[in-house]
Structure formats: structure tokens, C-alpha cells
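Participant: Model the following, please.
(2 chains)
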Amino acid sequence: MPRLFPTGRHRSYDEFSLSRAITGQPLPNQAHAESHMSLRSLRLNRRTFLRGAGVSISLPLLEAMSSGAAAATRARAVAPKRLVCIGTEYGMHAPAFFPKTTGTDFAMPELLAPLEKHRRRWTIIEGLDHRVGGGHKGVQAFLTGMRFSFNRGGMYSLDQYAADRIGSETRFASLPLDIGGSNSWSWNRYGVKLQGIGNPQVLFDRLFRQTSAIEQRRRRRELDTRNSILDAVLASARRIDRELGPADRHRFREYLNAIDETERRLKRAGYWLKQPKPSSAGSDAALAASPRGNTGRGDKRLDGMRSMFDLLALALQTDSTRIATLHIPGGNGRFQIDGVNDGYHSLSHHGQDLEKISQLKLIEIEYSRELARFIDRLADTRDGKATLLENTMVFFGSGMGNASSHSNRNLPVLVAGGGFQHGRSLKYEPGKTPLCNLYVTMLQRLGIETGSFGNGTSTLTGFA
Amino acid sequence: MRPRRFILRLVMPVVAATAMLLAPAAGAADPQPFSSVRGFLAKHCVACHGRNKQEGKRRFDSLRPEFSSQATAGTWHDILDQLRAGTMPPRDRPRPDPATARKVVDWITGRLRASGHLRTRPNDAVRRLNRREYNNTLRDLLLIDTSYDPAAGFPDDDRTDGFDTVGASLVFSPALIREAMRAAGDAIDRGVKFGPRPEVRVQRILPREATRPVYRTDEYVKIVTGTGDGFQQFRPGGKSAPQLVQGEYLLRIHATALHTTFKGVGQIDGPVRMKIRVGPPGKTAEAGSRRTIRIVDVPENQPRTFTVRARFEAGQVPIVSFANGHPGSFKNLVKKRYGPEARQNRAPIMKAYDGPQLRVFWMEVEGPLYERWPLPGHERIFGSEIPAEDRDSVRSTLLKFTTRAFRRPVTGDDIEPFLALYDRLRSRGDTFQQAIRSTLQAVICSPGFLYVHTNQAQLDDYAIANRLSYFLWSSMPDERLTDLARRGVLRRSEVRTAEATRMLADPRSRAFVDSFTGQWLELNQLGEMPPDPKRFRDYYRGELESAMRMESRRFFAHVLDKNLDVAHFLDADFTFLNQRLAEHYEIEGVEGPQFRRVQLNPDTPRGGLLGQASILTLTSNGTVTSPVVRGVWVLGNLMGSTPDPPPAGVAELEPDTRGATTIRDQLDRHRNNKRCAVCHRHIDPLGFALEHFDPTGRWRGRYDKRQPIDSSGVLDDGRQVRGFAELKRLLLEDKDRFVDCLVGKLLVYATGSRAESIDPKQARSIVDDSKQRGTKLADLVRLVVASDQFVAPASAATATQPKSPPASSGPRR
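Facilitator: Alright, predicted model coming up:
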């Protein structure tokens, strides 16, 4: 197999060399604001927020919300393009997901029924995959196009590839999200998986909670301390680096890269600390509507998903980020859905048991319902001269083709929005077209000049 | 301890063997002329890979001993791979003589190595501490209790060749730096405390501070149902709960039990057992965030005070529950006992409840308690006096601390960056305490602390000391090891052997037992895909999973401590059980929760690793057993040949659990499809022999759907295997292969080298030496430590990028 990203680690080190980091010259993007605060320390009691305001957000309110960044965007002639990648851990039951026919007049498959009224706004594509195996282990290929291997490295996901190129203009270069947990589909350019944000309260804080003047001062001092510590650490590291032979230096670069990157992030964090966060009127309501406790649990999973979608829509609308992923977890929790009385993982291993399949479909149809709701939101929100949906590619899929047989072939793929020509069912000959070709198409739509990504070597023929 | 002369005798052959190896590169004096290699190929390979047929587009009759060209070297490498894996010649062809095959393997290996085409990658001269090692090193550096898991926020360590000590998988990321800074600051705050000893306070928690759902009066909290979160418990909450700072506390609980002997719904066996936990006060808490401190028996109708000592993290509270209470909600209990309508009237039922119950009158916390002040870690760094703030004192403090943290000699230049940091912070206006804290934090985030590095062409004594201590203790060297390094004697193998004996006797060696078994036997994966709670309810009763893990650990520790023959891993007439696990195994006469050695009846289907429920459970997917996964486990962990993952383009098995077919019918495809059969003829029969164990390791006579179990098969070499007992016998016949495998695993774990970088000749000589003494486990550990491979520099292997990624694990689940 060709090495897809053979020099990721070396290159990044050379590009952003140490000297530049030390001299404090401005460096390219990659911001994760507030990186100095751990997820845990930000977890606040939800009672801190609006109590009992359990209302859904009214759309005019959303429209009214604006902030400096979003307003600036609106003033721009060309609205920025955005990308949201949503993936399920166990795939979608293929016989009920793919239409029987191609073209525009396909009969709506059972699992997509909730998306019927939007059928002109999305395209479903059958026959694409990454040509990797691995069962559950192969699922992480979802956005990277390659199977994870400790020895090879090189995992670099679509969203991070995009975020590294266009993420510098927003508070968050990207938002990797999860439901309840901290998993994600995002792998950074060093081949390291990013922690997802799975708690709606934490996400809310990151997006909207204003920082008081005292808090700002405290944080600025802390940022300064951290910067000083990093300087010392870096100087100490360079002493060791000098002692290493050239072959051994390879592994050590990771460390230097990490320091380098952290310093850059601290600088970005310092910048964004000064910028007010967008107004949070609607978001308080979104948070208030979110479930209490661990949203990763089966019985709260769907509510948790809805909260994440709500907050994600707000994040896009306020231009807090332009790139996001949402991980829809697996596990054996039991969903609180009428007719479902078995664990999710057990159901995914249906072994052709019709009863289990019908329960599995009950769960998966809820995913479509939440997706439809999200698409609705984006379609109803104005973004410059168009709608938010027209400027946002919403990609829904999985790295799992068939969870019962652990097959990573023929992956579920649905693309909504983004200004593509939609309303169609497309089928490609299985095993002939890499899913990464679609990723190339999407990257180009984001304005990134590239002709390849992963094992994709061109755009996806027949989809534009 | 063993007489030293004996150790010398044991060690000598290893040194002799390696000395020969270090002589001119293999291939210079060719012991195996090409003609005999050609003869071997002609006899075994050319029929299918020759002039008439080129199976797999490979042709060997015209292959020349030409190793400078990439193409021919690649072909030779393919031959080598097949021979090493034993996958060629195919089963229906005559087997080559093993000795001849080995010579051919050695010849090809030597030529490939000499020409630089042997596919190994360099090991890493620097490797980051993994999470376990990080925690233990912080523990020993700052003299703090690290059971709170400082590295909890670190990204998971990945593993290479099954082990987390291999540098290749220990990556670094900005997320890790962020977490390392947080963890370092937090650990320093636990170990270093300035100022006077904090005042000890006694705080009482009364019933009114209990949060729902419990029944409470002014005098007591009444608990009638079982133990999990969401059930009844005395958990103080709200603003009235004591706000504790991190530290050790005495916890007193005044309680009694009532109606212990009640018969009916909610009845219990034996006394009421009270579970005392410590955790966050909220209603829902992260899994694992509540620690069990103790489970105690509560006597009937005579209130008494139970006192335990416990560590509290900041903001945590004590939580008391009824460990063996009704395993369901109170609503469920009422419904079962009084019928569905009674659910509406639960309050009066609870008030007059006559079933077994726990009554807790109050709780009390006293602390924070410090056995010593200043704290031991603080004293170690600053001495017992109030630290001087002049620069010279700071410099000498830093020099001492950094030397210990970096685990090697440190010069004034080395601490220059840290001094500069200290100065910078002081000039910014930080106090001494603030500045020194940040400075220590920087030391602990430096690569000198975070990495084990071996930058010399040859390992120096400090690097050897580190390697020894991280092998057997998963932590930093102690003073004695550091002292031996200073004296420069650790290159002598007999010194290392003696140290290994000393270190194995030290309690810190439990880290070796836990993490080596966790990784070699994959015990760490137990519980990742737990059995389906609906079908295997029994699995969730009475901490069975941890009992399973404990059995395997205790068994390994016993073989190690008593220095027994490693053949015990394949079959043994004893194991370690407690009552819960013995019930699972249907073995009688084991009572109580503590583990003890149990002699096994000859007709009990247990004994050896493969009879242990831990292994049998972790090789199942939680729903059904998979002979493939179990077979891969046996091959990879006992026989040392992990099969490759299935080739791309093979359709996955579509499982059918409706009951029409058995797993055997489904796997028949492997036999009938030639591409599958190449590997699965090795894998499947091993797994089928274990089919009488269900997904939780229980013995079963039939499958759930009543189909009979067929546990017979034919191994690839033609030997028949019928069931578990025969499998153990056959594995014992292959004991040599197992010993090879185990030595390989020990070497990877000990040196952090990749499996492919281990010199096979060195491994073999360890095996040969151990055989003279009966292949005993502790001997093997000592031989590994004494071997030249153990002190070989990490990057000894030739650097050639592999053509394709090696298989890290077989097909799974």
C-alpha cells in the first residue's frame, strides 16, 4: 500500500521551524482557544444557566443573534463555505438506507423517510468506500480514508485537513463533537486523534460563555506562565535534540512539534481572549433544552444528539467555526424508543434476525429525523445572500458498511447542502470509486486547491 | 537468593553466543552454500513457482542469490516471510525438515541483513513514558499516592506488537502537552505544601443532608435496595455537604442492620453488607469516578461505628449503600412483592418496611490527616526547614530535583533553562512559592522526565538502570540502582541478574505482573466488549469480571514467585479462585471473597491459561463465541505467530444467529475457499477446541439453541484435536514453541524494541539456557535481563522502511 502521507511529521516540523516559534514570529493558524483549560474544569452545573427555560429556539431569535465576526461575514460579498461531517459508529442498515433505483424519482428508503420533504436538498450515494477492512477498527477510516495502524501513522482526517487550511479565521479552527463521550472522527496532521466535546454544557461554555474582566486577567497571567514554562521546556528539549543522532531525532520531533503547536495555540488563545464571544441569547435556550447528566447513555442519547445539533447550528451561524465533526457513538446502551428493548450493539449484530433488524431501524430512523431537523435549521437561517445550508456541506455517513458482518465496504453516504446539485440517488460500481474522491470534491468546494486526498485522486465524477 | 557462582554459569553461554554474533556480519563466512538453498527451493517450492507454474506470479527456479537488487531481494524476502510463518509449502505438500528450513531462514536473513534489505525499522532511541510509567515515576519522584491516576486525561497509549513499552506507539501531541502540564501542576500540589500543617477538622453529616432517593427520618437514613448508582444510598449533597480539600481522612459511619433473616422478595444471604465509597456528590457521576473503600458486614440491631481511612479528592463526599440489597429499584421490589398496583403506595410501605435494611445514623469525616509534615516529597526537595529563597539555594534545589527527575547525571547547563524560567517569573512579580512551583512543573514537562532516552551507541549505565527499573517496576530507578550506575557496574550481566532477583522480591514488581499480564494475555481488554446483560445476567453478579482478572494475575504471580516451569501456563493442576469464580466454574468448597490456591480435580475442565474465564471472555464478542478470535489469541500469544489480517477484497462473514446454522457451518467457508484456508486452517481448529466454553468462560454441554457442540478438528500439521483436554496436551507437545513465544514477548516488553528487531539468535540462546534449568519463569526474566539484547542500543537494527505495514493484530470480532 502506498504511504499516503509519508512525510507528515517531518514536514510539519520543517515548515514551522523552532526558531520561528521562539522568535515569536506569527505562525499559521490552528487555534484551539482556551486550550489551557481542561474539559473537566469547565464542567459547570447546568443550574448555573437559565433554569426552566425549556423552550425550543425560535428562528427569528436566531436571526437576531449576531456578533462581530458573524456581522463581518454577512457584509462580505462571498459567504464562507463550511463543512460538517457526521458519522455513526455502526453504519446504517444498508437494505433500508439505499434507494433501489438511481436518478431523481427514487422511492424513498425506509430509513430516510424523515428526510422526504428535503429530498431536493440532498443526494444519496451508494458504492463508495475506502477499500480498507478491519471491522470496528476500520471505522476510524471514516474521514481519513486509511485504516489505523500504530506503525504507519499518517491518519489525517478530512476535517482537520480543511481546518489546517481555512480554520484560522474563526475562534475554533474546527469543532470535533461527540455525544456524551470524548470520542471523535478527527485526526490531526500528526496522526493523533482529537478529543471530542460530548457535553452540551461544555460546548456551550466554549462557544458562548463570556469571560469576565477578572477572569481574563487571570487567564492572561496563566497563559503567560504557560508560555514561560514552554520556553524553558523547549530550551531543555533542544539540548537533548542536539545529542540525538539524525535517525533518532525522528521520534523526538513529535515532542518538539507538540510544543511548537502548543505555543501557537497559546498565542491564538491570547488573541481570542480579547475578542468578545457571540451573544448567547438563543444558546441559553438551547442549553436549557439539553438533557441532564451523561448524554452518552442510551436513554439520553437522542436528546444529547439534538442538543449537539442545536449548538452546532449556532456555532456555524455565529461563525465560531466553519468545520465540525459529530461522532455518533456505539456501545450497548438501550435507546428510549418505543419498540426498542435491546442494546444498540446487540442489535447491530442482528445476524439477520428480523426482530432485531426492525429494532435497529427504529434507532437509525431517529438519526435521520435529527439530521432532517438540523438541515431544516440550516435551510431556514439566512447567511449573506443565501441560506446557511447552501453554504454548508453536511456529510452524513460512517466508516462501517455492515455492522452485522463487520464490513467496511459500501459505506453509507449522504450529502446535503453546500450548493451542490441535489435530489438524486447515485450508484457507483462497488469497489471502483474511492470515497475520498467525494472528499476532494468537498475540499475544492471549501476553496482549497487540491487534486487529491487520501486515496482519492480526483473529484467524484457525476456529482457537482 | 541463589549462589552467585551458579548465576555466572547460567550467564556465560549467553555471552559466548552473542560474542559470536557480533563477529563479522552473517553471510561473510557462508556456512550454508547457495547450492543447498537452491536444493531446498527445488524440492519444496519450484513445483508451483517454477517454469511450468508461477502461482502468485512468483518463480524461484531462476532466482539468483542476488541481494543488491531491490527486486530479487524482495522476492527472497517473500520466501523468508512464508518460511518464517510456516505458511508455505501448503499443507498438502510434504513438510520440509525443520532443521534444514531453519538453516535456509538463517541464510536468507543473513544475506538480507548484509545487503540492507532486511525489513526492520529502527527502534526509537527515545521513547516517552507510557501512562503507567508516568504515574509510577511521579509517585516515586514526589513521594505521593498516585492511585488517583495523574495521567487520567492523557490520550490512550497505543501499543505496538502488543505492548505499551514500544516507542513507536508512544506518540506525542499538543493535547498531551496540555494534559502533562495540568497533571504536573496537580501532582506538585499534592507533594509540595508550604506553610504550617493544616488544621484537622471533624465534620459530621446528618441524615437530613442525604439526597434522594432514600427514606430518612431525623435519626437515620433507611436503605433497602442494592448498590448501583441510581439505587438508594446515603449520599450527602447540596450546600450542607462538607467541602473537603484533597487529602486523607478518617471516615466514621454509625449504622446498624435490621430484619436480616427475612424471607421473601428482597431477602439476602448472610449479613447486611455496607459498601463505603468516595466520589463526586452529584446524582450522576462519570463511570469509575466513585471508588469503593470498603465493604463491611453490619451486625443486626446493634448500632456501631465503622471507621475507615480514605483519600478524598477536592469536593468529594462519602457514599454509603447496601451492597447485597435487592438488585433493582424500590419500585421494582414493591411490584414484585405486593403486585403492580402497590407501586402507587410506596411511601407507607417504605415507612413500615420489614425486609432487610441498612440504617445509617450519621457519618463523620476527620482530616485532612498528614502522617508527616512537611510532606515527604516536600522534604525530599526542600529539606525540613523553610526553604531559602536566594538564587544559590534555588539553583542547588533545582539541580538535585532535576537529577532525580531526569534519572541521570545533570549538569549546570542542563538546568539553565529552568533557572531562567524561575528568574523570569520572579521578575514578573511571582512569589517564591508560585515561581518554584511553575519551575518544577517545567522540569516534569521536559523530555528529560517524559522520555526514557538512550542516545549512546551503547547503553550507558544510567540507561541500563532505567531499562531495568522500567522493566520490572514500571518506574524510575531507586537509589541502589542509581548508585550501581554511578559505579559503572551495570554492564556486567551478573550484576544485572542479581538486581533482577532483588527487584522481583520488591513489591514494586507487582507493576510488572499487572502490566505484563495485562498486555501479553490482553487482560486489559477484558470488559471492553462485556457480555450481553440480558443473556449473561450472571456475569454482572458479584464482581465476576475483576475476579476473572485476578485469577490470571495471581496465577502468573505465583508461577513467577515460586519460579515454576512456564509449562504451567499451558496446563496446571491448580489455579487461584474465590467463591464467586469457583461458582462460575462449578467447583465446590471455595468460600469467601479472598483468593486462594485451589487444587484442581483431574476431570475439571480448567487448568492453564486457556481454562481461565478471563481469556475465554476477552476472546468473545459479548454475544457469541468466535473460534476465529480464540484461535488467533492462541496462535499469537501462546505460539508466537499472529496471523495476518484477512487480505483486502475478502468479503466478511455474514453472521446468522437465528439458529439454523452453527458457527462451524458458517466457518466451513474458510475450509472451502483457498484464500481463507491459508490462514484459517491454522486458526479455526484451535478455537473450535474451546467451543465448550461459553462467552463468559462457563462450561456448556450444548449451544443455547440446543445444537450439539463439536469441538474436534485437525491441526495444520495433521494432529487430531478433540476438545479442551487434548488441546492442552498438544500445546504441551509444542512447549518449545511456547517458550520461544514467551521469551519474545518478554524481550519486547523489557527493551521496548519491536518484535522484528529482536535478534532471533539471542532469543534462542535465552531459551536454550533456560531449558537446562527447566524453563522456569523467574529464570527467564533473569536471563532476559542478563542478555546482550537487553543492553543493546535501541537503534541497532538497520533502517529500511518496510514495503507494507506489518500486521499488528489478527482479524478481530
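
Participant: got a list of what A:Arg217 touches?
Facilitator: Residues near A:Arg217 by C-beta atoms under 8 Å, 6 or more residues apart in numbering or on different chains: none. For every residue, glycine as well, the C-beta is placed using N, CA and C.

Participant: and whichever strand or helix holds it, how far out from the chain's middle?
Facilitator: If you go by DSSP states H and E, A:Arg217 is part of helix A:213-243. A distance of 29 Å separates the centroid of the chain from that of helix A:213-243, by C-alpha atoms, centre = their mean, to the nearest Å.

Participant: Share the number of residues neighbouring the closest residue to A:Trp122 other than its chain neighbours, please.
Facilitator: Nearest non-adjacent residue to A:Trp122, counting by C-beta to C-beta, 6 or more residues apart in numbering or on different chains: A:Ala416, 3.8 Å away. A:Ala416: 26 surrounding residues under other C-beta atoms under 10 Å in any protein chain shown.

Participant: Repeat that for B:Ile295.
Facilitator: Neighbours of B:Ile295 (other C-beta under 10 Å): 16.

Participant: for the host helix or strand of it, what is the average pLDDT?
Facilitator: Taking DSSP H and E as the criterion, B:Ile295 maps to strand B:291-298. Strand B:291-298 shows a mean pLDDT of 90.

Participant: Tell me who's in contact with the residue nearest to A:Trp122.
Facilitator: Residues near A:Ala416 by C-beta under 8 Å, 6+ apart: A:118, A:121-123, A:371, A:375, A:389, A:393-394, A:396, A:422.

Participant: Residues contacting the host helix or strand of B:Arg630, please?
Facilitator: Here B:Arg630 sits within helix B:627-637, counting by DSSP H and E. Helix B:627-637 is contacted from outside by B:162, B:520-522, B:610, B:615-616, B:619-621, B:641-643, B:663-664, B:667, B:680, B:682-688, B:690-691, B:731, B:741, B:745, B:809-813, using C-beta under 8 Å, 6+ apart.

Participant: Likewise for stretch B:730-738?
Facilitator: Residues from elsewhere that reach stretch B:730-738, judged by C-beta under 8 Å, 6+ apart: B:566-567, B:569-571, B:608, B:610, B:634, B:638-640, B:715, B:719, B:721, B:767, B:775.

Participant: re earlier: of the contacts of A:Ala416, closest to chain B?
Facilitator: Nearest to chain B among the contacts of A:Ala416: A:Phe396, at 23.0 Å, using C-beta to the nearest C-beta.

Participant: Pretty sure that closest one sits in a helix.
Facilitator: No - secondary structure of A:Phe396 (DSSP: H, G, I helix; E, B strand; the rest coil): strand, not part of a helix.

Participant: Need the pLDDT of it.
Facilitator: 98.

Participant: Wait, it touches A:Phe374, no?
Facilitator: No - applying C-beta atoms under 8 Å as the test, A:Phe396 and A:Phe374 come out as separate, 9.4 Å apart.

Participant: Any buried residues in the strand holding B:Ile295, and which?
Facilitator: B:291, B:293, B:295-296, B:298 (16 or more other C-beta atoms under 10 Å in any protein chain shown).

Participant: partners of that strand, with directions?
Facilitator: Here strand B:291-298 is paired, per DSSP bridges, with strand B:272-279 (antiparallel).

Participant: Looking at the stretch 301-450 of chain A, what residue ends up closest to chain B?
Facilitator: A:Gly351 (3.2 Å).

Participant: returning to that earlier point: nearest to B:Gly50, of the buried residues of strand B:291-298?
Facilitator: Comparing the buried residues of strand B:291-298 against B:Gly50 with C-beta to C-beta places B:Arg291 closest, at 66.8 Å.

Participant: Tell me who's in contact with the closest one.
Facilitator: Contacts of B:Arg291 (C-beta under 8 Å, 6+ apart): B:277-279.

Participant: Now do the same for the residue nearest the centre of chain A: helix, strand or coil?
Facilitator: By C-alpha atoms, centre = their mean, chain A has its centre lying nearest to A:Thr325, at 1.1 Å. Following three-state DSSP, we place A:Thr325 in the strand state.

Participant: who's it bridged to?
Facilitator: With DSSP bridges as the criterion, A:Thr325 is bridged to A:Cys85, A:Pro176.

Participant: how about the contacts of B:Arg291 in TSV, adding neighbour count and pLDDT?
Facilitator: Below are these laid out as TSV (neighbours: other C-beta atoms under 10 Å in any protein chain shown; pLDDT from 0 to 100):
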residue	neighbour count	pLDDT
B:Arg277	21	91
B:Val278	22	92
B:Gly279	21	88
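
Participant: hey, what's B:Arg304 bridged with?
Facilitator: B:Ala255.

Participant: just checking, it touches B:Ala257?
Facilitator: No - shown here, B:Arg304 and B:Ala257 do not form a contact pair, counting by C-beta under 8 Å, at 10.4 Å.

Participant: what about those two, which has more around it?
Facilitator: When neighbours are counted by other C-beta under 10 Å, B:Ala257 comes out ahead of the other of B:Arg304 and B:Ala257, with 22 against 10.

Participant: Pull out the buried residues from the helix or strand that contains that one.
Facilitator: For B:Ala257, the element it lies in under DSSP H and E is strand B:247-258. Applying a neighbour-count criterion of 16+ other C-beta under 10 Å, one finds B:247, B:249, B:251-258 buried in strand B:247-258.

Participant: what's the neighbour count on residue 234?
Facilitator: By default, I'm working from chain A. 23.

Participant: sorry, should have said chain B
Facilitator: Using other C-beta under 10 Å: B:Phe234 sits among 30 other residues.

Participant: In contact with it, which residues?
Facilitator: B:207, B:210, B:214, B:221, B:223, B:319-321, B:360, B:363.

Participant: For the residue nearest to B:Gln599 when sequence neighbours are not counted, give me its contacts.
Facilitator: Spatial nearest neighbour of B:Gln599, chain neighbours left out: B:Phe574 (5.3 Å); criterion: C-beta to C-beta, 6+ apart. Counting by C-beta under 8 Å, 6+ apart, B:Phe574 touches B:597-600, B:607.
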